[in-house]
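Participant: Here is the input, now give the coordinates:
(one chain, ligands or ions: 1)
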Amino acid sequence: MSRPFSVAVIGAGPAGLMAAEVLSAGGAQVTVLDRMPSVGRKLLMAGRGGLNLTHSEPFERFMTRYGAAAERLRPVLEAFTPADLIAWANGLGQETFVGSSGRVFPKAMKASPLLRAWLGRLERQGVRFRLRSDWRGWDDDGALRFADETVLADATVLALGGASWPRLGGDGGWVRLLREKGVAVSDLKPANAGFDVAWSAPFRERFAGQPLKNIALRFGSQVVRGEAMVTAYGLEGGVVYAASAALRDALPAVAEIDLRPDRSVEQLAAALARPRGKESLSNFLRKAAKLSPLEINLLREPGPPPADPAGLAERIKSVPLTLTAMQPLARAISTAGGVSFDAVDDGLMLKAVPGTYVVGEMLDWEAPTGGYLLQACFATGAFAARAVLSRRD
Ligand SMILES: Cc1cc2nc3c(=O)[nH]c(=O)nc-3n(C[C@H](O)[C@H](O)[C@H](O)COP(=O)(O)OP(=O)(O)OC[C@H]3O[C@@H](n4cnc5c(N)ncnc54)[C@H](O)[C@@H]3O)c2cc1C
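Facilitator: Below you'll find the predicted structure:
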């Protein structure tokens, strides 16, 4: 009898577990190794604020979210589409729904029921788990080196994640290990993180922790609608994350906040043209333009606002904020940079380390929040696993 084909999957996040599922379903003997004492910690954390699995927008629009990596990810995402991801979640007993912004969530909102059902399936398919196994590279014979053992496998899937939230397991320590093997890895950078703004002390003290709702953020040709959160250090939240790649690469960057995206400058100027009398500017803005105390004070942050109605209206439509720095990678939601697509072949196998595949956030792509991150992690995991199986046959 021939020996079963063995695969070591290192990293038990969504990308590694998906690779393990496809590989074990295809008859491989799969061992999943992870340095943490339990699996899927970042996936569980992602479920804390509502697990945004994927997005329901048309596929071509969906693809644009991956920016420069879109064409490299296209075959991967065509082979495991948002519809496939929803069907997969349904198969694990997790019905989904489409939220108002088009984002797709499991009805349970949390990740734990999905992860529990998934682990049950993996166990039934014979996947073995070796936790508390810290991968340290390869020994001279090419065996996988862990803290206190070496492991030999016919193929390896690296699913070690990025370097955000390192207490959940991934710290980017693999960058050095892969570079030593001659693999091109671009520097890891924060993605979907907040930016520093030099707020005045009174503004910071009074408004840190308060949301700016229904705004638009403009930067270059990008206009993003949604929410942001004022923090002690600056600004974070949906609109900031959506523009964060362009902002990060342009720092220091001046972004413009439109506090009333549904009204034109002319409409606002007309509303502000009524006589102010003895009213304070704050009272006047509150009544005439329905601005909140946070919004009124934000208008003042770049300097005193113009007094004339047209100038004031312009300021409401376009508050310039200088973003001086990005929050560190450890505090970001995801990681940009990673293993270059030129360093892997069509099946996501490392050209410099044959038989070793790379999936998930380790690869050099980035995307905004909205379900695009998990979708690409699941899809790359499934894609590399199919490539492993097809090369075995
Ligand atoms: C707060 C938060 C909320 C999020 N919300 C969403 C969301 O709603 N929707 C969405 O699409 N995305 C979300 N994300 C992003 C998403 O969770 C990640 O993109 C995804 O988990 C990355 O999957 P991965 O499998 O590539 O890596 P990870 O999930 O990071 O898994 C990597 C695994 O590798 C292990 N590992 C690392 N190094 C070693 C080593 N040397 N030896 C052994 N094991 C190792 C780690 O312990 C870890 O278990 C969120 C992220 C955060 C932080």
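
Participant: So for the residue nearest to Arg103 when sequence neighbours are not counted, what's the pLDDT?
Facilitator: Distance criterion Cβ to Cβ, 6 or more residues apart in numbering; nearest residue to Arg103, sequence neighbours excluded, is Asn52 at 4.9 Å. Every C-beta, even on glycine, is put in place using the N, C-alpha and C of the backbone. Turning to Asn52, the model gives it a pLDDT of 97.

Participant: A strand includes Asn52, no?
Facilitator: No: using DSSP: H, G, I helix; E, B strand; the rest coil, the assignment for Asn52 is coil, not a strand.

Participant: Next, count neighbours for it.
Facilitator: 22 (other Cβ atoms under 10 Å).

Participant: unless I'm mixing things up, it is touching Gly102, no?
Facilitator: No: using Cβ atoms under 8 Å, Asn52 is not in contact with Gly102, being 10.4 Å away.

Participant: so what sits against both of the two?
Facilitator: The overlap between the contact sets of Asn52 and Gly102 (Cβ atoms under 8 Å, 6 or more residues apart in numbering) consists of Gly370.

Participant: Please report the distance of the residue nearest to Arg103 from Gly220.
Facilitator: Distance, Asn52 to Gly220, using Cβ to Cβ, to the nearest Å: 26 Å.

Participant: if we can go back for a sec, in contact with the residue nearest to Arg103, which residues are there?
Facilitator: Applying Cβ under 8 Å, 6+ apart to Asn52 gives the contacts 46, 103-105, 369-371, 374.

Participant: Okay, and which of these map to helices?
Facilitator: Per DSSP state H, helices hold the following members of the contacts of Asn52: 46, 374.

Participant: Of the contacts of Asn52, which ones also sit close to the ligand?
Facilitator: 46, 371, 374 (Cβ under 6 Å from any ligand atom).

Participant: where along the stretch 201-350 of the chain do the helices fall?
Facilitator: In the stretch 201-350 of the chain, helices defined by DSSP state H, counting those that start in this stretch lie at 201-207, 238-242, 244-250, 265-271, 281-288, 293-300, 309-317, listed in chain order.

Participant: same check, this time on the stretch 51-200 of the chain
Facilitator: Under the criterion DSSP H, counting those that start in this stretch, the stretch 51-200 of the chain contains helices at 59-64, 70-79, 82-91, 112-124, 174-180.

Participant: will you turn those helices into TSV that also has distance to Thr31 and mean pLDDT?
Facilitator: Formatted as TSV, these follow (distance: least, Cβ to Cβ, whole Å; pLDDT from 0 to 100):
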stretch	distance to Thr31	mean pLDDT
helix 59-64	34	98
helix 70-79	24	98
helix 82-91	22	98
helix 112-124	11	98
helix 174-180	18	98
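
Participant: Can you add distance to Pro305 and give these back as CSV?
Facilitator: Formatted as CSV, the helices of the stretch 51-200 of the chain follow (distance: least, Cβ to Cβ, whole Å):
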stretch, distance to Pro305
helix 59-64, 36
helix 70-79, 40
helix 82-91, 44
helix 112-124, 48
helix 174-180, 46
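
Participant: Need those in CSV (columns: distance to the ligand and mean neighbour count).
Facilitator: Compiled in CSV, the helices of the stretch 51-200 of the chain are given as follows (distance: least, Cβ to the nearest ligand atom, whole Å; neighbours: other Cβ atoms under 10 Å):
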stretch, distance to the ligand, mean neighbour count
helix 59-64, 12, 13
helix 70-79, 13, 16
helix 82-91, 10, 17
helix 112-124, 11, 16
helix 174-180, 6, 17
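
Participant: so which of the helices of the stretch 201-350 of the chain gets nearest the ligand?
Facilitator: helix 238-242 (10.5 Å; Cβ to the nearest ligand atom).

Participant: Help me see whether the closest one makes contact with the ligand, please.
Facilitator: No: Helix 238-242 does not reach the ligand (Cβ under 6 Å from any ligand atom); its nearest approach is 10.5 Å.

Participant: How about residues contacting that helix?
Facilitator: Outside of helix 238-242, the residues within contact range by Cβ under 8 Å, 6+ apart are 192-195, 215-217, 222, 224-228, 247, 333, 368-370.
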